[in-house]
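In: what's the 3D shape of this:
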Amino acid sequence: MNIVHRPEQAFAQLVQWRDAGLRSGLVPTMGALHEGHLSLVRRSRAECDRTVVTIFVNPTQFGPREDFHKYPRTPEDDYQALRELEVDLVFAPSLEQLYPDGFSTFVEPPAAARRLEGEFRPGHFRGVATIVLKLFQILPASVAYFGQKDYQQLTVIRRMVDDLNVPIRVEGCPTVREPDGLALSSRNRYLTSDQRPRARCLWLALQAVKQALENGQRQVQTLETLMRDTLMDNGADRIDYARIVDANSLADLKQVDQAVVALIAVHIGTTRLIDNCFLQV
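Out: I've put the predicted structure just below:
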């Protein structure tokens, strides 16, 4: 496994693969890798000739009161996990290499970024769109793999790629969960032993709304109330949102008569967790 830190090194390797007719897969991460990330790597390894993983904690997607400085960083563990999966290239740049002095150019994210996470984390998707487009420029891969746990992020990136004619295919991969349903996340390690059982409330709320839909309930307001009640009854300390929206545009709906997605963001203690579930009548 080759580990590079300079953008020009990474670019040269991807171009060499492309010129040789090899199909390359890209897995962008912020490190602190867990089985969710590794499932993306396995997907790339299965579908592509070469796989590159990025490890970079992107400061521009964190708000002023968020956890950038305490975000978990485990590079040696990450490298070992990627070696075991026979990853071909790891791109691990420094902050200065991607955001040099005087950096001032940002990507304006698409309309799908304005609500939900966009309301509670202003500027978040501006940072996400900027770093992802930078990585797509540095690493001109054939396919990029993202987890569906960050459903709105996946939607924003797909829209950006379409709008800006970026020549890369974006693939969403299923959420990987603990046995009790909790979606894997690097932030789960912030949960105390007392808080961890309460984090299951997200999964319980998603299952409750799925069951209600199967039982014939179609009114979005009723389904959203059910999600909020289930969250609070099972340990959520604060709810940022529990919404059901159009699966493609994330637009508001009054009734479920098409493909929709249920999206949740809650706080368990000081830890903010998100999850989602694709629903269809």
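In: what ranges do the helices span in this structure?
Out: 7-19, 35-47, 75-84, 95-98, 117-120, 124-138, 151-163, 201-214, 220-233 (DSSP state H).
In: what is the first one packed up against?
Out: To tie it back to what came earlier, the one meant is helix 7-19. Helix 7-19 makes packing contacts with strand 2-4, strand 24-29, strand 50-55, strand 89-91, helix 124-138 when contacts are defined by 3 or more C-beta pairs under 8 Å, 6 or more residues apart in numbering; DSSP states H and E. Yep, even glycine has a C-beta here, placed from its N, CA and C like the rest.
In: which non-adjacent residue is nearest the residue nearest the centre of the chain?
Out: For the chain, the residue nearest the mean C-alpha position is residue 150 (3.5 Å; C-alpha atoms, centre = their mean). For residue 150, ignoring the flanking residues on the chain, the nearest one in space by C-beta to C-beta, 6 or more residues apart in numbering is residue 274 at 7.2 Å.
In: mind listing the residues bridging to the one you found?
Out: Beta-bridge pairing of residue 274 under DSSP bridges involves residue 265.
In: test my guess that it contacts residue 267.
Out: No - between residue 274 and residue 267 there is no contact under C-beta atoms under 8 Å: 10.7 Å.
In: the two: who's more crowded?
Out: It is residue 274, of residue 274 and residue 267, that has more neighbours when counted by other C-beta atoms under 10 Å, with 21 against 13.
In: which residues touch the more buried one?
Out: 117, 149-150, 185, 202, 263-265 (C-beta atoms under 8 Å, 6 or more residues apart in numbering).
In: please apply the same query to residue 266.
Out: 201-202, 231, 236-240, 242, 272-273.
In: got it, and residue 203?
Out: 177, 180-183, 275.
In: same check, this time on residue 4
Out: So residue 4 contacts 10, 13, 89-92 (C-beta under 8 Å, 6+ apart).
In: dump these to TSV, plus neighbour count.
Out: Formatted as TSV, the contacts of residue 4 follow (neighbours: other C-beta atoms under 10 Å):
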residue	neighbour count
10	23
13	19
89	22
90	23
91	26
92	17
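In: and for residue 41, the neighbour number?
Out: Residues within reach of residue 41, counting by other C-beta under 10 Å, total 22.
In: report pLDDT for it.
Out: Note for residue 41: predicted pLDDT of 98.
In: going forward can the numbers begin at 467, since that is how I track them
Out: Renumbered: residue one is now 467, and that last one reads residue 507.
In: roughly how far apart are residue 689 and residue 607?
Out: Here residue 689 is placed at a distance of 38 Å from residue 607 (C-beta to C-beta, to the nearest Å).
In: can you put the contacts of residue 740 in CSV and add distance to residue 538?
Out: Putting the contacts of residue 740 into CSV (distance: C-beta to C-beta, whole Å) gives the following:
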residue, distance to residue 538
583, 20
615, 17
616, 17
651, 11
668, 20
729, 24
730, 22
731, 20
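In: what residues are up against the residue nearest to residue 528 when sequence neighbours are not counted?
Out: Nearest residue to residue 528, sequence neighbours excluded (C-beta to C-beta, 6+ apart): residue 534, at 3.9 Å. Contacts for residue 534 (C-beta under 8 Å, 6+ apart) come out as 523, 525, 528.
In: gap between the first one and residue 617?
Out: Read that as residue 523. Taken as C-beta to C-beta, the span from residue 523 to residue 617 is 21 Å.
In: with residue 589 instead?
Out: In terms of C-beta to C-beta, residue 589 sits 19 Å off from residue 617.
In: tell me which of those two has more neighbours.
Out: Neighbour totals were compared for residue 589 and residue 617, and residue 617 leads with 25 against 15 (other C-beta under 10 Å).
In: wait, the more buried one sits on residue 729?
Out: Yes - assessed by C-beta under 8 Å, residue 617 is found in contact with residue 729 at 6.4 Å.
In: let me have the contacts of residue 732 in JSON lines, adding pLDDT and distance to residue 631 as columns.
Out: Listed next are the contacts of residue 732 as JSON lines, based on pLDDT from 0 to 100; distance: C-beta to C-beta, whole Å:
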{"residue": "667", "pLDDT": "98", "distance to residue 631": "41"}
{"residue": "668", "pLDDT": "98", "distance to residue 631": "36"}
{"residue": "697", "pLDDT": "98", "distance to residue 631": "40"}
{"residue": "702", "pLDDT": "98", "distance to residue 631": "41"}
{"residue": "703", "pLDDT": "98", "distance to residue 631": "43"}
{"residue": "704", "pLDDT": "98", "distance to residue 631": "40"}
{"residue": "705", "pLDDT": "98", "distance to residue 631": "38"}
{"residue": "706", "pLDDT": "98", "distance to residue 631": "33"}
{"residue": "708", "pLDDT": "98", "distance to residue 631": "35"}
{"residue": "738", "pLDDT": "97", "distance to residue 631": "34"}
{"residue": "739", "pLDDT": "98", "distance to residue 631": "35"}
